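Asks: can't give you the sequence, but here's the structure:
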């Protein structure tokens, strides 16, 4: 049963008129595309002189990613609450990795 976020997203989704494999591919490509738009904004923030994105621009792109994430989770009969709890549980154990940023930054060659 979709949650409130997923129900809203499903109002503009194809429904069951297409195979689930097609819908999953569409959702994954949507996540990739919208993530690319977000990365483009952040790239400009970092490397383009006199460019500064707004919070609204960044959240708009994150919202687009969230839309496709809601759909993709629904296609696997998973609510956003369930997905959030699964991720919380995974991260609670450290997910098998603890970042060591000073050591990682030392690996980046100087110009």
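Replies: All right, it came through fine. Quantities reported herein were computed from a predicted structural model and do not represent experimental measurements. Residues are numbered from 1 along each chain as shown.
Asks: which regions of the chain sit below the pLDDT cut-off?
Replies: 95-99, 110-111 (pLDDT under 70).
Asks: Mind telling me which residue is nearest the centre of it?
Replies: residue 65 (4.7 Å; CA atoms, centre = their mean).
Asks: Residue 3 contacts residue 78, doesn't it?
Replies: No: Residue 3 lies out of contact with residue 78 (CB atoms under 8 Å); the separation is 9.6 Å. To be clear about C-beta, it is placed using only N, CA and C from the backbone, and glycine gets the same treatment.
Asks: what's the longest helix in this protein?
Replies: If you go by DSSP state H, the chain has its longest helix at helix 20-47.
Asks: which parts of that one are buried?
Replies: 23, 26-27, 30-31, 34, 38, 41 (16 or more other CB atoms under 10 Å).
Asks: Against which helices or strands is whatever helix or strand comes next after that helix packed?
Replies: Downstream of helix 20-47, the first helix or strand assigned by DSSP states H and E is helix 55-75. On a contact count with 3 or more CB pairs under 8 Å, 6 or more residues apart in numbering; DSSP states H and E, helix 55-75 meets helix 4-10, helix 20-47, helix 80-92.
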